[in-house]
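1. Any chance you can model this:
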Amino acid sequence: MPQTAALASLEKQLFFKERELRALLEITQAITHDANEADLYKIYQFTLIGQLGVRQLALYVLEDRQFRLKASFGPKLQAGPQFSLASLPSHCQAQPCPVSELDLSAEWQGFELLVPVRQQEAVQAFVFIGTTHADYMTREALGFLETLSNILLGAVANRRLARQREASMMAEAAVRREIEIAQQVQQLLFPQSLPNNQHFAVQATYLPHTEIGGDYYDVVELDTNRLLVCVADVSGKGVPASLLMSNFQAGLRTLLRQGTNLATIVHELNHLLFRNSGGEKFITAFLGLYDRSTQVLQYVNAGHNDPLLLPDGGPAQRLHDGTVMLGIMPKLPMLKVGLAKVPPHSLLFTYTDGLTEVFDAQQNEYGESGVLSMLTRHRYLPLSRLHQELLSDIRRFNASGEKFADDITMLSLRVK
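-> Here you go, the predicted model:
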């Protein structure tokens, strides 16, 4: 008889081990076949019912600091959060507890046991089970239930991470595409060639601080005698700034084709920018219209850094006449078109504030004085060399070396 009883006990253990293996096989196959989160919970539920003989089941998983019902069979339970850890005795958070010992409402009384599922010493889920096989309430069996639940939670967490990574990759791809489009738009804004002939020499240098810069320059030959130069800087960076600058460029080119005078051009550009940005963004700009026949430069400085005009003889002039920055109000409160004599061999140097707002280790600013000093010493160099010398000088001065805090744009016009 003892041998018969021992054999029967061993057969029973093998029977339950076989069921456990089948349960593991079913849930691992579901994970391998990349089942979604909802399907994983269903397979977990059916596995416990079909393979382990559980007749009542409720799985609550911790999400957003609340336990939410994810799988259930038997008593009808509410899907929303029903309890917190604070409502359970502390020992029930570490080991299985009879439901009869818990202060829970009547809807849970059809269950027999509450099994905590822990990961990294913290409870991540609770499994309510009821009407189990009498021989399947041992500590070893409950340990397997916790193991199976942990496998499920791990698979669900991995699915969520995969979805998050996929969403992140899609978002990054969308941003990258936006950046590429903005870069293409920005490249189209700049003139494809600059006029260099027997009358003028023009040179432009542009160093963006980020992938999409906020600076803009343009040079337009209106006829054999007249030439317009423009340098601008939009507030902010990225795609919105690039789009606003494209509106500025399109508006400027349209107004130039209409033969509009400089004052009207500036007023119309301000109206266009305010309409598009509602005063939330603005553009500083310098627009200069040079007439070779009169040797006169008409210009408007709209809140921009003062360009420097170096005649062949005499001191440099700062071109400051104009108005406030464009786009911050529907109508410009004041506008003055400046006039400057530009005889042959004069140099007009325009730039954005990234060139001057460079600091050394003692926080001294390179500033306009640094630019003017370099121009005075090297003003007769070929313009490409002049720009190279300026860049080399600010790199030596800059405490961060090659890393600048803003876009740098330089546009030079030499009258021959």
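
2. what ranges of the stretch 201-350 of the chain fall below the confidence cut-off?
-> When the per-residue scores of the stretch 201-350 of the chain are filtered using pLDDT under 70, the ranges that remain are 211.

3. what do you get if the cut-off is 80, keeping everything else the same?
-> Low-confidence regions of the stretch 201-350 of the chain, defined by pLDDT under 80, span residues 209-214, 236-242.

4. all helices of it, in order?
-> When assigned using DSSP state H, counting those that start in this stretch, the helices of the stretch 201-350 of the chain occupy the ranges 238-257, 262-277.

5. What lies in contact with the last one?
-> Read that as helix 262-277. Around helix 262-277, the neighbours that count as contacts under CB atoms under 8 Å, 6 or more residues apart in numbering are 244, 247-248, 251-252, 255-256, 260, 281-283, 285, 287, 289, 298-300, 302, 322-323, 326-332, 335, 337. For the C-beta atoms, the positions are set from N, CA and C on the backbone; glycine is no exception.

6. ranges for the strands of the stretch 101-250 of the chain?
-> Ranges of strands in the stretch 101-250 of the chain, per DSSP state E, counting those that start in this stretch, are 113-119, 122-130, 200-207, 215-221, 226-234.

7. Run me through the strand neighbours of the second one, direction for each.
-> Note on strand 122-130: by DSSP bridges, its sheet partners are strand 56-63 (antiparallel), strand 113-119 (antiparallel).

8. quick one: buried residues of that strand?
-> Within strand 122-130, the residues scored as buried using 16 or more other CB atoms under 10 Å are V123, Q124, A125, F126, V127, F128, I129, G130.

9. Alpha carbons of it, as CSV, please.
-> Included here for strand 122-130 are C-alpha records, laid out as CSV according to Å, rounded to 0.1, in the frame of the first residue of the first chain:
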residue,chain,number,x,y,z
ALA,A,122,7.7,45.6,-5.9
VAL,A,123,4.2,44.3,-6.5
GLN,A,124,3.3,44.6,-10.1
ALA,A,125,0.1,42.6,-10.2
PHE,A,126,-2.4,40.6,-8.1
VAL,A,127,-4.0,37.4,-9.2
PHE,A,128,-7.3,36.4,-7.6
ILE,A,129,-8.0,32.7,-8.1
GLY,A,130,-10.9,30.5,-7.0
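
10. returning to that earlier point: quick one: which of the buried residues of strand 122-130 is nearest H387?
-> Taking CB to CB as the measure, H387 lies nearest Q124 of the buried residues of strand 122-130, at 62.1 Å.
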